[in-house]
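> sequence first, then the predicted structure, then my questions.
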Amino acid sequence: MNTPEVGPRPSQAPRGPDRPAAPDRPETMVEFAAVSKRFGATVVLDRVDLRIHAGEVVVLIGPSGSGKSTLLRCINALEPISGGELHVDGLSVRGSQAQLRAIRQEAGMVFQQFNLFPQMTALQNVAFGPRQVRGTPKAEAEEQARALLAKVGLADRAGHYPSELSGGQQQRVAIARALAVRPKLMLFDEPTSALDPELRQEVLRVMQALAEEGMTMVVVTHEMAFARKVGTRLIFMEGGRIAVDGPPVALLDDPPNQRLRDFLQHVD
Amino acid sequence: MDFDWSVIGQALPALLQGAKLTVLIALAGLAGGVLVGLLFGLMRAYGNRFVALLAAVYVEFVRGTPIVVQVMFIYFALPVLMGIRVDPMTAAVVSIIVNAGAYISEIVRGAFQSVPKGLSEAGLAMGLARWRVLAFVVGPVAFRRMIPPLGNQFIVSLKDTSLFIVIGVGELTRQGQEIMAANFRAVEIWSAVAVIYLAMIGVLTLMLHGIERRMRIL
């Protein structure tokens, strides 16, 4: 993959030559059909229906315990679903282990706590996925990794270990690491919540650039400015259900629902 | 009394012969113990209920009985039960494997389980197979955490070889005992034996320090 240039958002995500030609309508990337998730007796997701198309930037918000992180983690099958059907790029999360691995290669994930591999340098962290998953030769994987680190503004930190990087830098390495596997979709689980306010912007800028390239993104966050500026769709979750779903600016300016209005007041 | 250095001079060749055997038993036993410990530790950490229970039972049996009893069982009882002959050297090595294996399996389990869950999730989320996550993501971090407690266990096991005096293996303590029985020079002989153990463990400690220095504990 050539690292795509930052530029105006195309209507369709850029696709490599190995990908099928883009259809006229945006393809469905993720499809929830009556998906439930229970932890014991606790219902975390309650028959959720949701369709996410290629190129969308979906911002998931909601009070803690509303199921937003769980919803995200069901997409790449880190959490097995308890009921319903969930397809990612046509693959079922109820499929074989090989299918789950295929889904996870399609859906890159960025975690709240970064979760960089501490025994590896930034460069090794980014080169690791392609080498392990795609069998990319070391030199090629490292060349790609350098390009990705440059893309997130960390070309000069390639040889640093995670413990030698700031939180914001670690999270940017984590984004590069997820991109290295060439996902079609990126999942962000509160990517800035563990960061000091002054470090959040550098991560949000990288995410915005990614969105502008047309990457399909699902972002769990409390960053309302990001939702407004970058999001194409805002979903407010409550009690394991999608309570509100619509265009971010309109929903944030004029919340159609008292609960959302209350929630927004607490966030800001 | 006066300390007779010539006694030590005479005894030294036999004592060093015993020390050689001690090192040999410890090396073979610990090599096997690490493999057994790795297997049972991973079984207990990641295995299904049956496999984990199997590993837990093994650990409880070993930890719940004195090593002397284990040695006696392996050397005297097992041959009766299974109708095989076991020579003392084999019994000694097997005893260390079985005994150290149980303790090491707990070290392995603890180290793997202490690695933050987020790391294996990050590996899985890239589409890696579970075994790759364990081998290349969690394993290297866990390995660094195992070094201090493993060092402990290596030292304990090396000293445990002195128990094989009871089954007649000619290791260091046995050699000392035999020489002492012939010349009654307890002070000289047991001092020499103690110093030789100290020297062996000193070398082991230095090696462990070297490994820790090269490797940052993560």
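Okay, I see it.

> would you check that residue A:74 makes contact with residue A:35?
Yes. Contact criterion Cβ atoms under 8 Å: residue A:74 and residue A:35 qualify, at 6.6 Å. Where you see a C-beta, it was placed from the backbone N, CA and C, and this is true even at glycine.

> center of chain B - which residue?
residue B:157 (3.7 Å; Cα atoms, centre = their mean).

> that one and chain A: what is the separation?
28 Å (Cβ to the nearest Cβ, to the nearest Å).

> now do that residue, the pLDDT please.
The model reports residue B:157 with a pLDDT of 97.

> next one: residue B:84
So, for residue B:84, pLDDT stands at 86.

> excluding its backbone neighbours, what's nearest it?
Excluding its sequence neighbours, the residue lying closest to residue B:84 (Cβ to Cβ, 6 or more residues apart in numbering or on different chains) is residue B:78, at 7.5 Å.

> about what we covered before: so the residue nearest to the centre of chain B sits in a helix?
Yes. Assigned with DSSP: H, G, I helix; E, B strand; the rest coil, residue B:157 falls within a helix.

> how about it, nearest residue that isn't a chain neighbour?
residue B:100 (4.5 Å).

> for the one you found, what are its contacts?
B:29, B:30, B:33, B:34, B:36, B:37, B:153, B:156, B:157 (Cβ atoms under 8 Å, 6 or more residues apart in numbering or on different chains).

> now list the buried members of those residues.
Among the contacts of residue B:100, those classed as buried by 16 or more other Cβ atoms under 10 Å in any protein chain shown are B:29, B:30, B:33, B:34, B:36, B:37, B:153, B:157.

> tell me the SS of residue 84?
I went with chain A, as the question did not name one. strand.

> wrong chain, I was asking about chain B
Once three-state DSSP is applied, residue B:84 turns out coil.

> ok, residue B:200 touching residue B:158?
Yes. Using Cβ under 8 Å, residue B:200 is in contact with residue B:158, at 6.5 Å.

> so where's the stretch 151-268 of chain A uncertain?
Scanning the stretch 151-268 of chain A for pLDDT under 70 picks out A:268.

> and the helices in it?
A:167-180, A:197-212, A:224-230, A:248-253, A:258-267 (DSSP state H, counting those that start in this stretch).

> any chance of these in CSV, plus mean neighbour count and distance to residue A:156?
Output for those, formatted as CSV (neighbours: other Cβ atoms under 10 Å in any protein chain shown; distance: least, Cβ to Cβ, whole Å):
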stretch, mean neighbour count, distance to residue A:156
helix A:167-180, 26, 10
helix A:197-212, 18, 14
helix A:224-230, 18, 26
helix A:248-253, 16, 35
helix A:258-267, 13, 35
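
> Throw those helices into CSV and include distance to residue B:50, thanks.
Listed next are the helices of the stretch 151-268 of chain A as CSV, based on distance: least, Cβ to Cβ, whole Å:
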stretch, distance to residue B:50
helix A:167-180, 36
helix A:197-212, 45
helix A:224-230, 48
helix A:248-253, 51
helix A:258-267, 47
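
> give the rounded mean pLDDT of the lengthiest helix in chain B.
Criterion DSSP state H: the longest helix present in chain B is helix B:5-46. Mean pLDDT, helix B:5-46: 96.

> I'd like the next helix or strand past it.
Using DSSP states H and E, the helix or strand that directly follows helix B:5-46 along the chain is helix B:49-63.

> run the chain-centre distance for the next helix or strand after that next one.
Sequence order places helix B:67-72 as the next helix or strand after helix B:49-63, per DSSP H and E. Its chain's C-alpha centre and that of helix B:67-72 lie 14 Å apart, by Cα atoms, centre = their mean, to the nearest Å.

> pLDDT (mean, whole number) over helix B:67-72?
Here the average pLDDT along helix B:67-72 is 96.

> pull out the buried residues from it.
Per 16+ other Cβ under 10 Å, helix B:67-72 contains these buried residues: B:67, B:70, B:71, B:72.

> write out the residues of chain B neighbouring chain A.
Where chain B comes near chain A, counting by Cβ under 8 Å from any Cβ of the partner chain, the residues are B:116, B:118-119, B:121-129, B:132, B:136-137, B:140-141, B:144, B:218.
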